[in-house]
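Asker: coords please:
(one chain, ligands or ions: 1)
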Amino acid sequence: MRIALIAHDELKDDMVAFVTAHADALGECKLVTTGTTGKRIADETGLAVNRQASGPYGGDLQIGGQIADGAIDGVVFLRDPLTAQAHEPDISALLRVCDVKDVPLATNVASAELLVDGLLGDD
Ligand SMILES: O=C(CO)COP(=O)(O)O
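Answerer: As a prediction, the model looks like this:
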């Protein structure tokens, strides 16, 4: 499985906790991340990740391109609903291409738990 992991700054601690809780299952996957999210995950869980650019510098678009190419099986994108993002158009593009390609997308921890259960059988 090829899983994309992305988190806004206020949700990065939650992402690290989520990845830690599912480290065995996610460790069997190819993980692609935005830049800062990937650094946190790699440093704090030891899992190997394929880091793209930071979100505000095009990382969401790079991952969106991989989704458009059919190269991603699921996306966990812990979005901050309370903070405006300068790169909101990039975020919208990433969410949209998930729908275009019918790729499972979780935007909060509760749905991320369902995603790893459904895709990876890890509950
Ligand atoms: O901004 C992001 C997603 O929109 C995440 O980017 P970083 O992982 O580089 O912080």
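
Asker: Stretch 75-82 and the ligand, any residue contact?
Answerer: No: judged by C-beta under 6 Å from any ligand atom, stretch 75-82 and the ligand are separated, with a smallest distance of 7.1 Å. (Glycine included, C-beta is placed from N, CA and C.)

Asker: Over to that stretch now: how far is its first residue from its last?
Answerer: Its first and final residues considered, stretch 75-82 spans 21 Å by C-alpha to C-alpha, to the nearest Å.

Asker: can you start the count at 35 instead of 1 from here on
Answerer: Sounds good: first residue 35 from here, last item stretch 109-116.

Asker: buried stuff in it?
Answerer: In terms of neighbour count (16 or more other C-beta atoms under 10 Å), stretch 109-116 has its buried residues at 109, 110, 111, 112, 113.

Asker: which among those residues gets closest to residue 73?
Answerer: Nearest to residue 73 out of the buried residues of stretch 109-116 is residue 112 (C-beta to C-beta; 15.4 Å).

Asker: who touches residue 76 in this structure?
Answerer: Counting by C-beta atoms under 8 Å, 6 or more residues apart in numbering, residue 76 touches 82, 83, 85.
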